[in-house]
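**Student:** no FASTA, just this:
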């Protein structure tokens, strides 16, 4: 695989910028972990793991893009299936740092994120009908929103008098409301409907491609 990044390739450049930003974020979270009180250490560790996983995946996906001009569905979901549940668990960790919170909050957020991602992947990879996958994904996302805006997690946060906790919880709500999970569900629906009825190339749907350098023989492993 040719690893040379063209200055005229905005997608490849964006992959590179994001991967470096994730590396810097990882260093920040792990270094700052030793500067906060013990109750916040786990939360910062999980945040560092999220950015580390994302950095590795974006770096690899950048190489796949440069070599093939494509960004296979399966690679994106490998990243999301690891990082999105960890981000949802952050809600629980933030609350657990300052008050007693039931384990049900943890499991509802975790399961909701898994349902959201599995629905999106199964629809976009054409294991199931695209619209069915989209609906399943949206239901998982809506369940997460309910938990953090109206459910037990929201109630525990509202009852907390800790300003730092409420600020962090509010920032996480903004991320889950308008960030990657929402955009991923929209992309799933649009891409899969454009491609039409289910085909046999399961797991190889490509929402992003560079026609001039497309490589139809690209394998799921993304090997050179």
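**Tutor:** Yep, that arrived. All figures in this text were calculated on a predicted structure; none of them were measured in a lab.
**Student:** ok, how many other residues are close to residue 164?
**Tutor:** Neighbours of residue 164 under the rule other C-beta atoms under 10 Å: 12. All C-beta spots, glycine's among them, are computed from the backbone N, C-alpha and C.
**Student:** hmm, I was thinking of residue 171
**Tutor:** The local packing count at residue 171 equals 11, with neighbours defined by other C-beta under 10 Å.
**Student:** so it is in which element?
**Tutor:** Residue 171 is located in helix 163-178, with elements delineated by DSSP states H and E.
**Student:** Tell me the buried residues in that helix?
**Tutor:** Taking 16 or more other C-beta atoms under 10 Å as the basis for neighbour counts, the residues of helix 163-178 that come out buried are 165, 168-169, 172-173, 176.
**Student:** now do stretch 14-28
**Tutor:** Per 16+ other C-beta under 10 Å, stretch 14-28 contains these buried residues: 15-16, 18-19, 22-23, 25-26.
**Student:** which residues touch that stretch?
**Tutor:** For stretch 14-28, contacts defined as C-beta atoms under 8 Å, 6 or more residues apart in numbering pick out 5, 47-48, 51-52, 54-55, 58-59, 61-62, 65.
**Student:** let's go with 6 Å and repeat that
**Tutor:** For stretch 14-28, contacts defined as C-beta atoms under 6 Å, 6 or more residues apart in numbering pick out 48, 51-52, 54-55, 58-59, 61-62.
**Student:** now stretch 45-64
**Tutor:** The contact list for stretch 45-64 (C-beta under 6 Å, 6+ apart) reads 1, 3, 12, 15-16, 18-19, 22-23, 25-26, 29-30, 75, 79, 82-83, 86-87, 222.
**Student:** Just those residues: which are in helices?
**Tutor:** Taking DSSP state H as the definition of helices, the contacts of stretch 45-64 contribute 12, 15-16, 18-19, 22-23, 25-26, 29-30, 75, 79, 82-83, 86-87.
**Student:** still on that earlier bit, what are the contacting residues of the helix holding residue 171?
**Tutor:** 90-91, 94, 98, 148, 157.
**Student:** Could you rerun that using 7 Å?
**Tutor:** With C-beta atoms under 7 Å, 6 or more residues apart in numbering as the contact definition, helix 163-178 has outside contacts at 90-91, 94-95, 97-98, 144-145, 148-149, 157, 160.
**Student:** Relative to the whole chain's centre, how far out is that helix?
**Tutor:** Here the centre of mass of C-alpha atoms in helix 163-178, compared against the chain's by C-alpha atoms, centre = their mean, to the nearest Å, lies 17 Å away.
**Student:** Just give the nearest non-adjacent residue to residue 76, would you?
**Tutor:** Nearest non-adjacent residue to residue 76, counting by C-beta to C-beta, 6 or more residues apart in numbering: residue 61, 7.4 Å away.
**Student:** Could you check the angle the helix or strand hosting that neighbour makes with helix 163-178?
**Tutor:** Under the criterion of DSSP H and E, residue 61 resides in helix 41-68. Between helix 41-68 and helix 163-178, the angle formed by their directions is 30 degrees, by axes from the mean of the first three to the mean of the last three C-alpha atoms, to 10 degrees.
**Student:** right, and the helix or strand after helix 41-68?
**Tutor:** If you walk from helix 41-68 toward the C-terminus, the next helix or strand you reach (DSSP H and E) is strand 70-72.
**Student:** Can you give the domain ranges for the chain?
**Tutor:** Domain assignment for the chain, taken from automatic domain parsing, gives 8-71, 84-201.
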